[in-house]
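J.: Could you look at this predicted model? Sequence included:
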Amino acid sequence: MYFDDMLVGFQFRTESRTLAAEAIKGFAQEWDPQPFYLDGEAAKAPPYGGFDYFGVSHHPHRLQADGRGKRLVGKLNGWPEMKEVRWIKPVFAGDTLRVEAEVLEARASRSKPDRGIVEIRYDVLNQSDEMVAQYQAR
């Protein structure tokens, strides 16, 4: 997809992805080695309540790389801004997530006329259609 495809109101949805405990731990070991992701005893402490806890801050970007989102993110030159980030519910191994997104704004760049700036709202939902995270990025 290209900037011209990103009309205000355009919506897309990623494929669903079920999170495996091994993937959660592997990602945490490489990118976010917090005790509550890697240590079973630390993870049992409130508010997490389980070793297979997955911080919702990790998954939206990974889900966008799947399915229809891959075509969008493949042309992305970066996110200079994220705002209104909300981590609503924890996510655990075995949860199935998807991202639903909507283009809120699309405008040509003033400094780089061959590019555009697109603001998108991302809603991350679990298998029960409960929102677990929401944020906007441009």
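T.: Thanks, I have it. Keep in mind it's a predicted model, so treat the numbers as computed, not measured.

J.: In what element of secondary structure is residue 26 found?
T.: helix 21-31 (DSSP states H and E).

J.: Go through that helix and flag the buried ones.
T.: 23-25, 27-28 (16 or more other C-beta atoms under 10 Å). (C-beta placed from N, C-alpha, C; glycine too.)

J.: And for stretch 131-138?
T.: 132-137.

J.: of those residues, closest to residue 2?
T.: residue 137 (17.7 Å; C-beta to C-beta).

J.: Let me know the distance separating the closest one from residue 12.
T.: Applying C-beta to C-beta, to the nearest Å, the value for residue 137 to residue 12 is 14 Å.

J.: what's the answer for residue 31, then?
T.: Taking C-beta to C-beta, one finds residue 31 at 25 Å from residue 12.

J.: what packs against the helix holding residue 26?
T.: Other helices and strands packing on helix 21-31, by 3 or more C-beta pairs under 8 Å, 6 or more residues apart in numbering; DSSP states H and E, are helix 35-38.

J.: What residues sit buried inside the helix it packs on?
T.: 36-37.

J.: Show me how far the helix holding residue 26 is from its chain's centre.
T.: 16 Å (C-alpha atoms, centre = their mean, to the nearest Å).

J.: low-confidence ranges in this protein?
T.: 40, 43, 45-79 (pLDDT under 70).

J.: how about the helices of it, start to end?
T.: 21-31, 35-38, 40-44, 59-64, 67-73 (DSSP state H).
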